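Visitor: Sequence and predicted model, in that order:
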Amino acid sequence: MQSTDLRVVKTLKQIDQALLTCLAEAPFEKITVEQLCRAALINRSTFYKYYTSKYDLMEQYLQRALDGFRRQVDVAFVNATPETIHNLLYQKNFENTLKFLHRHKAEYTLLWSIPLEENVFGRMVDLVHDAILETLPAGREGPVSRTEESLQETAKGAFIMRIAVTYENGRIFQHFGHTAQFKIYDMQDGKIVSSQVLDTNGSGHGALAGLLAALQVEALICGGIGGGARMALAQANIRLYGGVSGDADAAAQALAEGRLTFDPDAHCDHHGHHHEEGHACGEQGCGGHCGEH
């Protein structure tokens with residue numbers, strides 16, 4: 001399994017954010033590579049390692065933005081009937097789409113409001129239109145009546161959920177803010193369809209939450225976690241499953257199947273203090289007990 005360096009993810013995220021910052025202040029034609037590098041806190045050689053020009057950056061950025069939007073558009077509800085519209089499968093997929101839009105609302109609002117060569121809002125409307133046409137049965141004149149079984153088959157696999165697990169040697173690392181690695185899992189229809197290990201390179205809990213958000217992670221499994229990290233994850237709309245220990249793959253599969261046991265009150269103080277039960281957060285194994293009294 002290939003390991004991906006989170007430093008690269010962080011650098012690319014900084015460049016993307018620099019582009020948005022500059023676009024909010026000036027027309028794209030007036031933005032220079034030097035301004036982008038200054039806003040991203042990188043040098044020109046780093047910029048040219050990933051992009052040949054500012055035009056290459058803009059083209060790739062817009063393509064990533066539209067691809068991400070396309071993957072999250074779920075219009076399965078167009079096939080619903082009055083009897084099936086309240087099915088949880090529809091509600092969950094629509095909820096996930098709304099959460100995705102909320103996470104990217106600042107980015108999308110900017111792209112919709114500034115003058116660009118490509119009409120981003122129009123492209124997104126076209127993507128929704130195309131998704132509806134692809135979802136509707138060919139030649140349909142009116143609502144399609146579906147049995148509950150066929151409804152569930154249609155909705156299966158429509159959405160891939162991405163989660164992260166604090167990771168060390170195949171097990172769940174017990175301290176979110178000190179984890180050296182995450183294992184990222186993509187889940188679909190109650191199964192793990194892909195996974196990869198990412199190095200954190202010593203990032204603090206605030207930066208870790210930002211990196212997970214950049215990776216479009218929706219949920220985190222970990223052991224102990226502090227209040228600041230909880231807040232950072234909440235602001236990034238990342239669901240937390242704390243107080244979990246043991247095999248990382250097994251925990252991820254349990255979450256995919258909806259049977260993961262976790263402690264919603266799990267916490268850890270990473271400043272050398274001790275828990276009420278008398279053990280230090282620095283001791284492995286505290287994740288399963290953090291927050292339990």
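Guide: Happy to help now that I have it.

Visitor: contacts and neighbour counts: CA atoms only from here.
Guide: Will do.

Visitor: just for the stretch 151-293 of the chain, where's the confidence low?
Guide: 151-159, 202-206, 267-293 (pLDDT under 70).

Visitor: all helices for it, in order.
Guide: 205-214, 227-235, 248-256 (DSSP state H, counting those that start in this stretch).

Visitor: ok, now which ones touch the closest residue in space to Glu168 that isn't next to it in sequence?
Guide: Excluding the flanking residues, the one nearest Glu168 by C-alpha to C-alpha, 6 or more residues apart in numbering is Gln181, at 6.7 Å. Neighbour list for Gln181: Thr166, Tyr167, Glu168, Val197, Leu198, Asp199, Thr200, Asn201 [criterion: C-alpha atoms under 8 Å, 6 or more residues apart in numbering].

Visitor: Just give the closest residue to Asn119, not the sequence neighbours.
Guide: Closest residue in space to Asn119, ignoring its immediate chain neighbours: Trp112 at 7.5 Å, by C-alpha to C-alpha, 6+ apart.

Visitor: What is the helix or strand harbouring that neighbour packed up against?
Guide: Using DSSP states H and E, Trp112 maps to helix 105-113. Helix 105-113 is packed against helix 6-25, helix 120-135, with contacts defined by 3 or more C-alpha pairs under 8 Å, 6 or more residues apart in numbering; DSSP states H and E.

Visitor: Buried ones in that helix, by neighbour count?
Guide: Tyr108, Leu111 (16 or more other C-alpha atoms under 10 Å).

Visitor: I'd like to check the angle between it and helix 6-25, please.
Guide: 50 degrees (axes from the mean of the first three to the mean of the last three C-alpha atoms, to 10 degrees).

Visitor: So for Ala250, which of the helices and strands packed on helix 105-113 sits nearest?
Guide: helix 6-25 (23.9 Å; C-alpha to C-alpha).

Visitor: roughly how far out does that closest one sit from the chain middle?
Guide: 16 Å (C-alpha atoms, centre = their mean, to the nearest Å).

Visitor: mean confidence for that helix?
Guide: For helix 6-25, the mean pLDDT works out to 90.

Visitor: buried residues in that helix?
Guide: Buried, per 16+ other C-alpha under 10 Å, within helix 6-25: 6, 10-23.
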